[in-house]
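Participant: Dropping a prediction and its sequence here:
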Amino acid sequence: MPRLLPSFLTGLRARLVIGFLIVVAIVLALMFATLPRLLDGYFAQQAREDLARRAGVVRLFIVRELSRYQLAGGQAPQPILLQTDPVSAAPGLHEALGTPEQGVVRQLAEIVAQANVRVTIAVDRDHPDQIGYELFVPLGNEFAQPGQQRETISSAPDAFTIEIPDLFWSQSSAGAPQRLVSVQLSDPFTYRAQTIETIIGVMGVAAVLALVAAVILSLLIADRLANPIRRLTRAARELSEGHLDTRVPSPGNSPEIHELTAAFNTMAERVQDSIEFIRRDRDRSRDFLADVSHELRTPIAALRTFNELLTEGQVPEEATRQEFLEQSRTQIERLDWLASNLLELSKLESGLVLLDLRPDDLRAVVENAVQQAQPSADRKGVKLVVKVPDEPLRQRHDPQRIGQVLGNLIGNAVKFTPAGGRVEVSLGPTDTGAELRVVDTGVGIDARELPYVFDRFYRGAQAIEPRATGSGLGLSIVRSIVEMHSGRVAITSTPGVGTQVSVALPADVSVSSPAAVRA
């Protein structure tokens with residue numbers, strides 16, 4: 001079913017707008033369902049109170065007319081009721097108050113009351129059910145003003161007593177009774193229905209305007225909420241297509257969206273770093289495989305040639321056969337040397353090496369490395385000098401790996417230094433830790449070759465030993481071990497003068513490689 005709907009009706013913005021409109025519509029529906037009843041009750045109460053006030057006004061006029069009637073006879077007040085059996089109204093009372101068709105009460109009904117008027121006079125307050133006089137003046141619908149409608153309500157009987165005694169009781173010198181007069185209004189004309197209808201009409205117009213405003217406001221709010229999500233979706237799609245530098249600017253209008261954007265950008269940066277690391281690792285692996293293939297091709301080709309010549313019997317001389325066998329042994333040793341160094345370098349670069357960090361004296365590492373290289377230096381006629389501080393220089397390091405670093409550096413220095421030369425190994429403290437230096441008086445390295453000396457299988461053009469005797473992996477291993485110790489290695493050289501390699505080791509080793517560290 002959602003596929004049959006247009007996309008703009010199934011998007012987040014449309015759902016937000018529809019949801020907002022549903023909420024507004026529910027609020028308006030509840031308002032229209034409850035407000036008319038509340039208004040009707042309120043205006044009905046107002047109509048009853050207004051009817052009671054008009055009844056009071058009519059009462060005042062009737063009191064005035066009755067008082068005027070009683071005092072019209074001069075010194076002797078005229079009676080309101082005659083003490084007949086039963087009690088009846090005095091003849092002049094009809095003339096004073098009028099009839100249902102005309103008279104004072106009729107005028108009051110049309111002008112003041114705007115309702116039916118009922119006037120009753122009882123014998124006294126103690127006998128309100130003994131009615132001696134009653135006048136009911138109905139008001140027809142023709143007297144309704146435009147917009148008025150008749151209401152089926154009535155006021156409470158507004159009862160009062162006439163204080164002037166009747167003539168009959170005055171002549172008998174007895175206590176004069178006080179007559180009970182009641183005035184009641186009913187079925188008045190009011191504007192209640194028209195007022196409610198007008199209010200509901202205004203509410204309807206306001207509801208339409210509110211819905212239009214809700215649509216516009218919800219569209220603005222939906223755009224403000226949906227735009228950052230659309231940007232995130234577009235950025236995620238671009239990221240999946242390989243655009244790793246895609247980032248989403250922070251909207252700044254919502255903390256939640258800001259956090260989501262920041263999380264996405266952080267994820268994108270990590271993905272980019274991971275992909276770049278994988279690419280670099282892939283490139284290194286490709287180069288590594290190419291270098292290994294190139295390095296292995298020479299000894300394998302030599303071994304194949306020697307084997308074919310010896311197998312086919314084309315080398316009859318014993319001395320030549322011995323020479324071929326010796327060359328084969330040398331190539332096999334080179335293959336074993338390459339395999340060992342490649343395995344070591346692979347472990348270092350993949351983070352599989354477990355560092356054994358100890359707070360030992362670095363002087364012991366230097367002295368052991370020099371002691372192991374001393375026989376080789378003596379055979380070649382190279383003077384090996386060591387300089388270490390008099391005081392112990394303790395800091396966390398892996399003695400075996402640092403010894404491997406010094407062994408490779410000293411071995412290279414001795415190898416490329418001619419007889420009579422000098423190799424100096426020194427150790428000294430620095431502001432951040434310690435520094436190892438290996439300085440020789442060898443053939444040196446050309447400035448154009450210095451940037452590549454730490455690359456795998458690079459041996460340079462100035463190697464004085466046969467090419468097959470070196471692997472070109474020693475300095476690569478040195479750099480990997482030093483970087484695992486959070487250190488740095490640097491090399492300077494002058495052709496014909498010598499080479500200096502310095503290794504800076506920080507006192508606070510912060511290993512960032514994947515290798516595990518045993519403290």
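Facilitator: Cool, the structure landed.
Participant: Which neighbouring elements make contact with the longest helix anywhere in the chain?
Facilitator: Longest helix of the chain, by residue count under DSSP state H: helix 12-71. The contact analysis (3 or more Cβ pairs under 8 Å, 6 or more residues apart in numbering; DSSP states H and E) places helix 12-71 against helix 91-97, helix 104-107, strand 158-162, strand 179-186, strand 189-190, helix 192-240. From N, CA and C alone the C-beta is placed, and that goes for glycine too.
Participant: Show me what the fifth one is in contact with.
Facilitator: The one in question is strand 189-190. 43, 47, 50, 114-115, 139, 143-145, 148-151 (Cβ atoms under 8 Å, 6 or more residues apart in numbering).
Participant: what is the rounded mean pLDDT of that strand?
Facilitator: Strand 189-190 carries an average pLDDT of 90.
Participant: quick revisit: relative to Gly132, which of the helices and strands packed on helix 12-71 is closest?
Facilitator: Across these, Gly132 has its closest neighbour in strand 179-186 (7.7 Å, Cβ to Cβ).
Participant: average model confidence for that closest one?
Facilitator: Strand 179-186 shows a mean pLDDT of 85.
Participant: Contacts made by that strand with the rest, please.
Facilitator: 51, 54-55, 58-59, 62-63, 66, 80-81, 113, 115-125, 128, 132, 153-162, 166.
Participant: Quick check: buried residues in it?
Facilitator: The neighbour-count check on strand 179-186 (16 or more other Cβ atoms under 10 Å) flags 179-186 as buried.
Participant: Can I have the buried ones of the contacts of strand 179-186 as a ChimeraX selection?
Facilitator: Provided next is the ChimeraX selection string for whichever of the contacts of strand 179-186 are buried by 16+ other Cβ under 10 Å:
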select :51,54,55,58,59,62,66,80,81,113,115,116,117,118,119,120,121,122,123,132,153,154,155,158,160,162,166
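Participant: Run a quick neighbour tally on the closest residue to Ala236 other than its chain neighbours.
Facilitator: Distance criterion Cβ to Cβ, 6 or more residues apart in numbering; nearest residue to Ala236, sequence neighbours excluded, is Phe264 at 7.4 Å. Close neighbours of Phe264, defined as other Cβ atoms under 10 Å, add up to 18.
Participant: Report all helices and strands that the helix or strand where Phe264 lies contacts.
Facilitator: Assigned by DSSP states H and E, Phe264 belongs to helix 255-311. When contacts are defined as 3+ Cβ pairs under 8 Å, 6+ apart, helix 255-311 packs onto helix 192-240, helix 318-350.
Participant: what about stretch 439-449, start to end distance?
Facilitator: The first residue of stretch 439-449 is 18 Å away from its last residue (Cα to Cα, to the nearest Å).
Participant: Now it: buried residues?
Facilitator: Under the neighbour-count criterion of 16+ other Cβ under 10 Å, stretch 439-449 has 439-445, 449 buried.
Participant: from these, which ones fall inside strands?
Facilitator: Secondary structure assignment by DSSP state E places 439-440 of the buried residues of stretch 439-449 in strands.
Participant: Adding distance to Gly498 and pLDDT, write the buried residues of stretch 439-449 out as TSV.
Facilitator: Below are these laid out as TSV (distance: Cβ to Cβ, whole Å; pLDDT from 0 to 100):
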residue	distance to Gly498	pLDDT
Val439	7	94
Asp440	5	93
Thr441	4	91
Gly442	6	89
Val443	8	89
Gly444	6	87
Ile445	10	87
Glu449	15	85
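Participant: Quick check: His485 vs Ile111, distance?
Facilitator: Between His485 and Ile111 the distance is 112 Å, computed by Cβ to Cβ, to the nearest Å.
Participant: Among the two, which residue is more densely surrounded?
Facilitator: Using other Cβ under 10 Å as the criterion, His485 and Ile111 rank with His485 on top: 25 against 10.
Participant: per-residue confidence at the residue lying closest to Arg48 once chain neighbours are set aside?
Facilitator: Of all residues not flanking Arg48 in the chain, Ile153 sits nearest, at 5.8 Å (Cβ to Cβ, 6+ apart). Note for Ile153: predicted pLDDT of 85.
Participant: how much space between the residue nearest to Val453 when sequence neighbours are not counted and Ala413?
Facilitator: Of all residues not flanking Val453 in the chain, Leu475 sits nearest, at 5.5 Å (Cβ to Cβ, 6+ apart). As defined by Cβ to Cβ, Leu475 lies at a distance of 12 Å from Ala413.
Participant: of those two, who's got more company?
Facilitator: Ala413 (27 against 22).
Participant: what about that one, which helix or strand?
Facilitator: helix 399-415.
Participant: just checking, what packs against that helix?
Facilitator: So helix 399-415, by 3+ Cβ pairs under 8 Å, 6+ apart, packs with strand 355-356, helix 362-380, strand 422-429, strand 433-440, helix 474-484, strand 498-506.
Participant: Format the helices and strands packed on helix 255-311 as CSV; extra columns: distance to Val27 and mean neighbour count.
Facilitator: Formatted as CSV, the helices and strands packed on helix 255-311 follow (distance: least, Cβ to Cβ, whole Å; neighbours: other Cβ atoms under 10 Å):
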stretch, distance to Val27, mean neighbour count
helix 192-240, 9, 14
helix 318-350, 65, 14
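Participant: Sort out which residues of the helix holding Ala413 are buried, please.
Facilitator: In helix 399-415, counting by 16+ other Cβ under 10 Å, buried: 399, 401-415.
Participant: re earlier: now whichever helix or strand comes after the longest helix of the chain: mean pLDDT?
Facilitator: Downstream of helix 12-71, the first helix or strand assigned by DSSP H and E is strand 81-82. Confidence over strand 81-82, taken as the mean pLDDT, stands at 78.
Participant: Tell me how far strand 81-82 lies from the chain's centre.
Facilitator: 91 Å (Cα atoms, centre = their mean, to the nearest Å).
Participant: Sheet-wise, list the partners of that strand with their directions.
Facilitator: When pairs are called by DSSP bridges, strand 81-82 turns out to pair with strand 88-89 (antiparallel).
Participant: before we move on, the earlier item: any idea of the pLDDT on the residue nearest to Ala236?
Facilitator: Listed pLDDT for Phe264 reads 84.
Participant: What residues does it make contact with?
Facilitator: Here Phe264 is in contact with 232, 235-236, 248 (Cβ under 8 Å, 6+ apart).
Participant: Relative to Gln194, which of those is nearest.
Facilitator: Nearest to Gln194 out of those is Leu232 (Cβ to Cβ; 56.6 Å).
Participant: For the closest one, give its distance to Val17.
Facilitator: Leu232 sits 20 Å away from Val17, going by Cβ to Cβ.
Participant: Quick check: can you list the domain ranges of the protein?
Facilitator: What automatic domain parsing lists as the domains of the chain is 14-195, 244-350, 353-518.
Participant: For the ones you listed, give me a markdown table that also has distance to Pro228.
Facilitator: Converted to a markdown table, the domains of the chain look like this (distance: least, Cβ to Cβ, whole Å):
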| stretch | distance to Pro228 |
| --- | --- |
| domain 14-195 | 13 |
| domain 244-350 | 4 |
| domain 353-518 | 35 |
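Participant: and those, which one is worst for confidence?
Facilitator: Here these differ in mean pLDDT, and the lowest is domain 244-350 at a mean of 74.
Participant: May I have the secondary structure class of the closest residue to Val119 other than its chain neighbours?
Facilitator: Nearest non-adjacent residue to Val119, counting by Cβ to Cβ, 6+ apart: Leu135, 4.6 Å away. Under DSSP: H, G, I helix; E, B strand; the rest coil, the three-state class of Leu135 is strand.
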